[in-house]
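Trainee: I need the structure of the sequence given here:
(one chain, ligands or ions: 1)
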Amino acid sequence: MHLSIITCLPRLLESPFNDSILKRAQQKNLATVEIIDLRDYATGKHLSVDDYAFGGGAGMVLMIEPIDRCITDLKTKRKYDEVIYMSPDGDLFNQAMANELSLKKNLILLCGHYKGVDERVREHLVTREISIGDYVLSGGELAAAVVADAVIRLLPGVLNDETSALSDSFQDGLVAPPVYTRPAEYKGWKVPEVLLSGDHTKIEDWKHEKALERTRKRRPGLMVD
Ligand code: SAH
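Mentor: Numbering: from 1, shown residues only. Okay, here's the model as predicted:
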């Protein structure tokens, strides 16, 4: 999978992709993430990428021209499945959407900033809009990193234990059961006995029961019964 993330603040995206699982995915060539500086596509005397909003009002707006030039240039190098604009009023991101996007080959993620992007970008250049929640961030960079992380960790081979992603919350309509590690007792707080029993059937039954219990309590909307 190849992700091209367009931003006017590329430094905001340096660290999420240079550590841990996302770094490993790139080292193993399972995913490539390209951070594109919108300023490289700026034109005009001041090489600006934003301007005042027509009609007034506070906040700058990212201009269509650099964005159009950037997307057009990217499209000469790859065939993109989607051009996704990160937007607070987009489709709400969830695990099902992460699963679906993980099957795509090339994606563009466009990050807005300030007041957002010129509406004509959304009307003519974007194929899809995604929100990571009903709150407003300063820019689309953190939202794009969230989407990229959720998607890349699903690619086969990225996680060491291939079944690991399948046992995460939401994959089977349930949230994940609790997990414990050593020591088996800390300050008198004990790990459930069954997990130390070595009886795998019993352990799996316990995990399933706990996942059901937790889903009923915390995310009853996920239950399909
Ligand atoms: N004026 C806009 C908000 C702009 S916030 C409004 O009220 O809807 C600046 C940028 O941050 C947006 O262009 C978008 O790319 C990004 N952004 C903010 N909140 C987001 C969210 N919840 N999900 C995805 N992107 C978001």
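Trainee: The lengthiest strand in the chain close to the ligand?
Mentor: For the chain, the longest strand by residue count, based on DSSP state E, is strand 82-92. Yes: Strand 82-92 is in contact with the ligand by Cβ under 6 Å from any ligand atom, via Met86, Ser87, Pro88, Asp89. (Each C-beta comes from the backbone N, C-alpha and C, glycine too.)
Trainee: Go through the helix or strand bottoming out on mean pLDDT in the chain and flag the buried ones.
Mentor: Within the chain, confidence by mean pLDDT, DSSP states H and E is lowest for helix 20-27 among all helices and strands, at a mean of 93. Along helix 20-27, these residues count as buried under the neighbour rule (16 or more other Cβ atoms under 10 Å): Leu22, Arg24, Ala25, Gln26.
Trainee: Then stretch 191-205?
Mentor: In stretch 191-205, counting by 16+ other Cβ under 10 Å, buried: Val191, Leu195.
Trainee: what's the straight distance from one end of that stretch to the other?
Mentor: Terminal residues of stretch 191-205 are spaced 16 Å apart (Cα to Cα, to the nearest Å).
Trainee: do stretch 99-113 as well
Mentor: 27 Å.
Trainee: Report the buried residues of it.
Mentor: So for stretch 99-113, counting by 16+ other Cβ under 10 Å, buried means Leu101, Ser102, Asn106, Leu107, Ile108, Leu109, Leu110, Cys111, Gly112, His113.
Trainee: Near the ligand, list only the ones from those residues.
Mentor: Among the buried residues of stretch 99-113, the residues lying close to the ligand (Cβ under 6 Å from any ligand atom) are Cys111, Gly112, His113.
Trainee: do you know how far the closest residue to the first one other than its chain neighbours is from the ligand?
Mentor: Of all residues not flanking Cys111 in the chain, Gly140 sits nearest, at 3.1 Å (Cβ to Cβ, 6 or more residues apart in numbering). Between Gly140 and the ligand the distance is 3 Å, computed by Cβ to the nearest ligand atom, to the nearest Å.
Trainee: ditto for Arg120
Mentor: Counting by Cβ to the nearest ligand atom - Arg120 and the ligand are separated by 14 Å.
Trainee: Report pLDDT for that residue.
Mentor: Listed pLDDT for Arg120 reads 98.
Trainee: Does it fall in a helix, a strand, or a coil region?
Mentor: helix (DSSP: H, G, I helix; E, B strand; the rest coil).
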